[in-house]
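sequence and computational prediction follow.
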Amino acid sequence: MGFRKTALPLFIDLHTFVSVKEDQMFDLILSPSLYWVKHVSIPVKSLSEAKKFIPSLFEDTVPKGRYSYYAYEDEDAYLIFAYDDKKILDILSEKKIDSEQINKVYFAQSEFEDMAEAVLIDEESVLDVEDHVVIKLPKNFVDTTTLLDLKDHQFSRHAITLARYAHIATTKSFKQFALFMGALISIYMLDWMVSEAKISEFEDAPTALYNEYNLPGSKIQNEVISETLHKEYEKQIHIRQKTGEIFGLKLKKNEYITLYDLQQKRLKVEIKLSSSKRAAAVLKALHLKVALKEQYRDGLLSMEFEL
Amino acid sequence: MKQINPLYIILLLVVVLFFVLFKLMHTKTDLHEAQNNFHKTKEMVHNIVELRESWENDKRTKSALGRILKSSLLRNAKIVRKDKRGTIELHSPSLNSKSASYLIGRLLNEPFAIKKMKARRLNKETVSLDVEIKL
């Protein structure tokens, strides 16, 4: 059974020296030297609208780099923040604070904006409030100070999350890319599902087709029927072609067909011809339609064709 | 402050995308095949229906044959027609050559499934004719 460790409040400045245990969790308060803050009045109706303008409001203030932004309302104005996640994490790392030891992160601004007196953060520096903004000053700039005591500190609700991978790309671009990929995946998945549904339709369609035309229910049975019908059709066409060729022979006077006998698998024809020479001529005329049997005897040419 | 490396998420999304794409391509191939199979089946069914309509239509065969036999050239030919189960037989022991030529021509020009046909010349003017048509 694991217990959630209680986070220890810890003020972090560039020069803060901390001694930490590996399994200790911290609620960090960032010194003003770790972020940029502005107290601004902008003509917008909501905080979300104001957030859109933050990057441009810091454009000329902060050095070039990748920043995360935060804002909250302060009476009629807004307090806006810019901070470099990686830089802060690097500083924490130098102080042997691993990112997994961080519970919550706060700005000194939100935690000390209501202080009555300057707070001493180290031997040389203090935190003080000037024009609504918590700033870090040399100790000798202020007359009276109190010691920094976070033991009973009540944290505000303005906690931030330090993006560990902000140096790779901004959270926004990660989100956009993830959204784009998600949209692509959704489209392809939809296409996939539609295609699967269509396959089912195509697989069921033949049954409906067989029923419509009163055919047997299986494809094999219908293939057999189709093949049989085709064979029969081709045979009938063949019979007609053969018959046409035989009846179309140019016979001389006193030459005539004496027998035309069409059976299931063969066709027998007998033609009375005037000479064997004529028989040869007739066979030549029918030469491509080679007879199974052929015989010329006593002026009668007998031929048998296979169908 | 535990955070998952967004690169892992992106990698996961890319893997999912490739998986879905692979499945989609596979499904598209199956769909194409199913479509082709169906079109072939449809074509086969239509062929069966057409061939049956043309060559195995008992009613049409009987009525067409009746019309042919009623024609003026065959009216006096005394052709015996026997309607049997699955076949129709026509028999004429002596048919003049003009009528025979007309009848054979008409039988071959109609989509009748002719099983047997025997025409024998009896003399210069007449032939005997036997025909068996499959229903």
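Great, that's in hand. Residues are numbered from 1 along each chain as shown, chains lettered A, B, ... in the order given.

residues in contact with the one helix or strand B:D130 maps to: which ones?
B:D130 belongs to strand B:126-134 when assigned by DSSP states H and E. Contacts to strand B:126-134, defined as CB atoms under 8 Å, 6 or more residues apart in numbering or on different chains, come from residues B:61, B:65, B:79, B:86-97, B:100, B:103-104, B:107, B:112-122. All C-beta atoms are positioned from the backbone trio N, CA, C, and that covers glycine.

and stretch A:15-26, by the same measure?
For stretch A:15-26, the external contacting residues (CB under 8 Å, 6+ apart) are A:5-10, A:12, A:31, A:95-98, A:101-103, A:121-122, A:125.

filter those by proximity to chain B?
A:102-103 (CB under 8 Å from any CB of the partner chain).

for the residue in the stretch 1-150 of chain A that chain B sits nearest to, grab phi and psi.
Nearest residue of the stretch 1-150 of chain A to chain B (CB to the nearest CB) works out as A:I102 at 4.0 Å. The phi and psi values for A:I102, taken as degrees, to the nearest 10, are phi -90, psi 120.

one step back: tell me the buried residues in the strand holding B:D130?
B:126-127, B:129-134 (16 or more other CB atoms under 10 Å in any protein chain shown).

circling back to that earlier point, show me the beta-bridge partners of the residue of the stretch 1-150 of chain A closest to chain B.
A:F26 (DSSP bridges).

next one: A:L262
Beta-bridge pairing for A:L262 (DSSP bridges): A:L267, B:M117.

that one: what's it in contact with?
A:239, A:243, A:307, B:114, B:116-118.

pLDDT-wise, what's the bottom of those?
Lowest pLDDT among those: A:L307, with 77.

pretty sure A:I257 contacts A:I246?
Yes: here A:I257 reaches A:I246: they are 7.1 Å apart, a contact under CB atoms under 8 Å.

gap between the residue nearest to A:L229 when sequence neighbours are not counted and A:H132?
Of all residues not flanking A:L229 in the chain, B:L51 sits nearest, at 4.2 Å (CB to CB, 6 or more residues apart in numbering or on different chains). Computed as CB to CB, to the nearest Å, the B:L51 to A:H132 distance reads 94 Å.

these two: who's more crowded?
Neighbour count, other CB atoms under 10 Å in any protein chain shown: between B:L51 and A:H132, B:L51 has more, with 19 against 14.

what sits against the closest residue to A:T144 other than its chain neighbours?
Nearest residue to A:T144, sequence neighbours excluded (CB to CB, 6+ apart): A:E117, at 5.7 Å. Contacts for A:E117 (CB under 8 Å, 6+ apart) come out as A:144-146.

make CSV out of those and add neighbour count and distance to A:E111.
As requested, the contacts of A:E117 are exported to CSV (neighbours: other CB atoms under 10 Å in any protein chain shown; distance: CB to CB, whole Å):
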residue, neighbour count, distance to A:E111
A:T144, 8, 20
A:T145, 15, 17
A:T146, 12, 14
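
now secondary structure too, for those, in CSV please.
Shown next, in CSV, are these (DSSP: H, G, I helix; E, B strand; the rest coil):
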residue, secondary structure
A:T144, coil
A:T145, strand
A:T146, strand
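
between those, which is nearest A:S46?
Nearest to A:S46, judged by CB to CB, of the contacts of A:E117 is A:T146 at 36.5 Å.

in chain B, which helix has the most residues?
When chain B is parsed with DSSP state H, its longest helix is helix B:6-55.

tell me the angle of that helix relative to strand B:126-134?
Here the directions of helix B:6-55 and strand B:126-134 differ by 150 degrees (axes from the mean of the first three to the mean of the last three CA atoms, to 10 degrees).

after helix B:6-55, next one along is what?
Following helix B:6-55 in sequence, per DSSP H and E, is helix B:58-69.

output that next one as CSV, nothing but the C-alphas.
Provided in CSV are the C-alpha atoms of helix B:58-69 (Å, rounded to 0.1, in the frame of the first residue of the first chain):
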residue,chain,number,x,y,z
ASP,B,58,-40.8,-24.1,-72.9
LYS,B,59,-43.8,-21.7,-73.4
ARG,B,60,-42.0,-19.6,-76.0
THR,B,61,-40.7,-22.7,-77.8
LYS,B,62,-44.1,-24.2,-78.0
SER,B,63,-45.8,-21.1,-79.2
ALA,B,64,-43.1,-20.3,-81.7
LEU,B,65,-43.3,-23.8,-83.1
GLY,B,66,-47.1,-23.6,-83.2
ARG,B,67,-46.8,-20.4,-85.3
ILE,B,68,-44.3,-22.0,-87.7
LEU,B,69,-46.4,-25.1,-88.2
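
following it, which helix or strand comes up?
Once the chain leaves helix B:58-69, the next helix or strand it forms, by DSSP H and E, is strand B:80-84.

whatever helix or strand comes next after that following strand - contacts with which helices or strands?
Going down the chain from strand B:80-84, the next helix or strand is strand B:87-96, by DSSP H and E. Contact analysis of strand B:87-96 by 3 or more CB pairs under 8 Å, 6 or more residues apart in numbering or on different chains; DSSP states H and E lists helix B:58-69, strand B:80-84, helix B:97-109, strand B:126-134 as its packing neighbours.

report the central residue of chain A.
When CA atoms, centre = their mean is applied to chain A, the residue found nearest the centroid is A:I185 (2.0 Å).
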